[in-house]
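Novice: pasting the sequence and the predicted model now:
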Amino acid sequence: MSTAYHRCQQFIQQCLCCDFPTMSGKIEEEQNDALNCIVCKKLLQRPKVLPCLHSLCSRCLLSVLDSNKSKDKFHCPKCEETTIIPIGGVEGFQDNVYLNGILGVHNSHNSKGKVCDICSLRKKKNTATSKCLNCGDLLCQDCSTSHSATRQTINHKVVDLESVVKGTHDKAIRQLNRIPCASHPEETLVIFCYDCNFLVCHECQLSYHFSHHTVVVDDADIDQRQEIATSLQFLDSKLKHLNDIEEGINNTEATINEKEEHILADLENATEQLITQIQTEERDVTQKVKEHMEKQRQICRDHVIQVRSRKETIQESCEFSNEVAQSGKNDEVIYLEPIILHRLRNLENLPRLRDEITCQFPEVRLRNIFGNVETIRFFDFLPGSSNSVALLPQENSDVSGAPQVSQLLMVKKVNTFTNEDETCPKISSLACTEGFFLVGDNANRKIKKFSSTGKFLETLSRSKSYSISICDDTIICSDNFSVAFFSAGYSRKIAMDGTSSTYPTCVYENKNFAVADSSAHEVYIFDKAGDVISSIQLPRASRRTRQRNLSFICCNSKGEIIASDWGTNSVFLVGKNGKTLYEYHSKSESTRDWIPGGVCVDIHDNVFIADQQKGAITILSPKFKVILKHSTKKDYLERPMNIAFDSSGQILVAGKNGIVNIYSCKYL
């Protein structure tokens, strides 16, 4: 974390606790950059402060304005921020009284060897040996003796010049250095007028502010420090936000590098199995990957430049404001408070930078090989779709602690078409258990049994089914009118009221079955014999114009129901008490509403959704935050509709033309 950020935090705590450092001892040396002009790079002379809180010499500011094409505004030489030129030109800009005070101390360290100021008026050159802290005059031995002998200067503090050079009296010099009054140049601003909220001199107090509530500025109870601290507190969170974005960018760039390494490694492994012609093409594709990834890195660099620029702008203003508020005298704080607060509030209102970067992660894969060897091209370079990479932890991010799926790995592709089939299968339902899985094929009116490796075993039933589930040796099968239970030597068919378009089923708590009835807004819990033992009331749709139409359901480890609802175009989770705990909606790429497909959960209660419209599998955390979207199109599976999780931890996804893809899950 930056130094400016820690100093800002320290000052805010001091303001909140009203704990400010006292002015005693030697002043710590200011950073050289703070005392140097941003134009000539030399020690500041009569510094003027710009609205962006950068300072430069009066003479350098005049040179900048003279060379500026516009007479109304110019750009700060340091930060390029547009600055309006006030009436009066250079003199219209405020003096940086804080840096003037610091420069006064700095210059006092170089007083050795200089001549007496009083003798200089008499055109004499006597070496100064002391300094009056009240007048600021350098005095020789004789003038020093006589300086304390007059009525006006009898109480002035005259000190040895050697101790001044050593810095012994730095705090006293800072304390006695006052801001001159614009109306009475011979006077200094030592009075604070509460009525006008303004610094005045003695002459002003006796004239324009005679009847006002005034007090000596050193005794004034001012709240300007607290005002500055309040603004700094807002900017403190913005600085932390920018630091987090910068860290996120670095992490994103590391991800880009990691993905690049994996892609190039896969490319190299494939290339080793091919002939010399492939090696030539491999170099070409490698270059494309590197160029593409360099573009992605450049996106990060461009964004981090923008973030750092914003950070630098805020840090510089905060550092100066912090220094003034923490180390400045009351009169300096009062004098600079309007311009500082104006600057800080402008920074507070700066537009928020993007929290994410759009990156493209390419794919390199083998083409199908056809034609003459001389014309073969083995690889396609695919830039990939744009993926938004979060740079910051989201405020509503999942904190359940459940392992999250980071990747789906293709294990096997199964074609459920058999020699007995009359037409291409249309899979309406999918169920898994240990060692095998079941497929409901509505096109051929069958329930087929396959081994976990994809081998066809047998046809269990020649009937049309909408939903099937299996628990131990019992199978439940539903259609538009009934629910049937099958096991060894036992079968039972239960008629439903027929008003619901579908009756989706699932295994409930690993021992019973759940059947959803959308029209009744109920999920009935059946035992394996087909008797209703309990029910869960379904919540009504949040939109009055919509009706529940559950198409798929599943159960998590807590006995909560996850439902795919075509009526409200959502997937929602309902607790045992019938209340909706979480709900997920996805935008459709077409003009139609999004239609969610099958749902299932893994052993960690992560939710898997088949998305036929987008050709993808969406994975949600137990608290329904999206953690991964996997495209099935690149696995040559179109329109995934049914999905199931087996006991070995694999995901089965059924799509168009009776194809089932089997995936393994990689967890973080």
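Specialist: Now that the structure is in, tell me what you want to look at. Numbers count the residues shown, from 1 in each chain.

Novice: and the next element down the chain from the longest helix belonging to the chain?
Specialist: Ranked by residue count, the top helix of the chain under DSSP state H comes out as helix 276-327. Where DSSP states H and E defines the elements, the next helix or strand beyond helix 276-327 is helix 330-348.

Novice: now do the buried residues in that next one.
Specialist: Residues of helix 330-348 classed as buried: 330-337, 339-341, 343-344, 347 (neighbour count, 16 or more other CB atoms under 10 Å). (C-beta placed from N, C-alpha, C; glycine too.)

Novice: looking at it now, give me its mean pLDDT.
Specialist: Mean per-residue pLDDT for helix 330-348: 88.

Novice: quick one: strands adjacent to the helix or strand just after it?
Specialist: The first helix or strand that comes after helix 330-348 along the chain, using DSSP H and E, is strand 356-360. Strand 356-360 pairs in its sheet with strand 386-390 (antiparallel), by DSSP bridges.

Novice: and the next helix or strand after the strand it pairs with, what does it pack against?
Specialist: Once the chain leaves strand 386-390, the next helix or strand it forms, by DSSP H and E, is strand 405-415. For strand 405-415, the packing partners by 3 or more CB pairs under 8 Å, 6 or more residues apart in numbering; DSSP states H and E come out as strand 626-631, strand 659-667.

Novice: most tightly packed of these?
Specialist: Among the helices and strands packed on strand 405-415, strand 659-667 has the highest mean neighbour count (mean count of other CB atoms under 10 Å), at a mean of 19.

Novice: pull the CA atoms of it into CSV?
Specialist: Coordinates of each C-alpha in strand 659-667 appear next as CSV, following Å, rounded to 0.1, in the frame of the first residue of the first chain:
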residue,chain,number,x,y,z
ILE,A,659,-25.5,-37.2,-27.7
VAL,A,660,-24.4,-37.3,-24.0
ASN,A,661,-21.1,-35.7,-23.0
ILE,A,662,-19.5,-36.9,-19.8
TYR,A,663,-17.3,-34.3,-17.9
SER,A,664,-15.1,-34.3,-14.9
CYS,A,665,-15.0,-31.3,-12.6
LYS,A,666,-11.8,-29.5,-11.6
TYR,A,667,-12.2,-27.6,-8.3
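
Novice: what's the mean pLDDT across that strand?
Specialist: Strand 659-667 comes out at a mean pLDDT of 91.

Novice: name the strands paired with it and say parallel or antiparallel.
Specialist: Next to strand 659-667 in the sheet, as set by DSSP bridges, lie strand 405-415 (antiparallel), strand 650-654 (antiparallel).

Novice: now the longest helix of the chain against helix 330-348, angle please.
Specialist: Between the axes of helix 276-327 and helix 330-348, defined by axes from the mean of the first three to the mean of the last three CA atoms, to 10 degrees, the angle is 150 degrees.

Novice: how far is helix 276-327 from where the chain is centred?
Specialist: Chain-centre distance of helix 276-327: 16 Å, with CA atoms, centre = their mean, to the nearest Å.

Novice: now swap in stretch 94-113 and tell me
Specialist: The chain centroid and the centroid of stretch 94-113 are separated by 43 Å, computed with CA atoms, centre = their mean.

Novice: which parts of that stretch are buried?
Specialist: 94-103, 105-106, 108.

Novice: out of these, which is nearest to residue 88?
Specialist: Using CB to CB, residue 94 is the member of those that sits closest to residue 88, with 11.2 Å.

Novice: tell me the bridge partners for that closest one.
Specialist: residue 49.

Novice: identify the residues contacting it.
Specialist: The neighbours of residue 94, taking CB atoms under 8 Å, 6 or more residues apart in numbering as the test, are 48-49, 335-336, 339.

Novice: can I get those in a markdown table including distance to residue 60?
Specialist: Compiled in a markdown table, the contacts of residue 94 are given as follows (distance: CB to CB, whole Å):
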| residue | distance to residue 60 |
| --- | --- |
| 48 | 9 |
| 49 | 13 |
| 335 | 22 |
| 336 | 20 |
| 339 | 19 |
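
Novice: among these, which two are most distant?
Specialist: Pairwise over these, using CB to CB, the maximum falls at 48 and 335, 13.4 Å.

Novice: output the buried residues of stretch 94-113 as CSV; include the columns secondary structure and pLDDT.
Specialist: CSV is the format used below for those (DSSP: H, G, I helix; E, B strand; the rest coil; pLDDT from 0 to 100):
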residue, secondary structure, pLDDT
94, strand, 84
95, strand, 84
96, coil, 83
97, helix, 79
98, helix, 81
99, helix, 80
100, helix, 76
101, helix, 73
102, helix, 76
103, helix, 74
105, helix, 74
106, helix, 72
108, helix, 69
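
Novice: could the residues you listed be laid out in CSV, adding distance to residue 76?
Specialist: What follows is the buried residues of stretch 94-113, written out as CSV (distance: CB to CB, whole Å):
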residue, distance to residue 76
94, 15
95, 17
96, 14
97, 20
98, 18
99, 16
100, 20
101, 23
102, 21
103, 21
105, 26
106, 24
108, 30
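
Novice: ok, now which ones touch residue 317?
Specialist: By CB under 8 Å, 6+ apart, the neighbours of residue 317 are 52-53, 235, 343-344, 347.

Novice: where do the strands sit along the stretch 401-550 of the chain?
Specialist: For the stretch 401-550 of the chain, applying DSSP state E, counting those that start in this stretch gives strands covering 405-415, 427-433, 436-441, 446-451, 456-461, 467-471, 474-478, 482-487, 490-495, 505-508, 512-517, 522-526, 532-537, 550-555.

Novice: next, format the ones you listed as a markdown table and append mean pLDDT, distance to residue 609 and mean neighbour count.
Specialist: Below are the strands of the stretch 401-550 of the chain laid out as a markdown table (pLDDT from 0 to 100; distance: least, CB to CB, whole Å; neighbours: other CB atoms under 10 Å):
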| stretch | mean pLDDT | distance to residue 609 | mean neighbour count |
| --- | --- | --- | --- |
| strand 405-415 | 89 | 12 | 15 |
| strand 427-433 | 93 | 14 | 23 |
| strand 436-441 | 94 | 19 | 24 |
| strand 446-451 | 93 | 23 | 20 |
| strand 456-461 | 91 | 27 | 15 |
| strand 467-471 | 93 | 16 | 24 |
| strand 474-478 | 93 | 21 | 25 |
| strand 482-487 | 91 | 24 | 18 |
| strand 490-495 | 89 | 29 | 12 |
| strand 505-508 | 94 | 14 | 24 |
| strand 512-517 | 92 | 16 | 24 |
| strand 522-526 | 92 | 19 | 21 |
| strand 532-537 | 91 | 21 | 14 |
| strand 550-555 | 93 | 9 | 24 |
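
Novice: which ones are touching residue 435?
Specialist: When the contact criterion is CB under 8 Å, 6+ apart, the partners of residue 435 are 451-452.

Novice: go again using 10 Å as the cut-off
Specialist: 451-453, 457, 646-648 (CB atoms under 10 Å, 6 or more residues apart in numbering).

Novice: can you check residue 424 too?
Specialist: Counted by CB under 10 Å, 6+ apart, residue 424 has contacts 415-417, 441, 443-444, 656-658.

Novice: if we use 7 Å, what do you get?
Specialist: By CB atoms under 7 Å, 6 or more residues apart in numbering, residue 424 lies in contact with 417, 443, 657-658.

Novice: any idea of the pLDDT on it?
Specialist: Residue 424 is assigned a pLDDT of 89 by the prediction.
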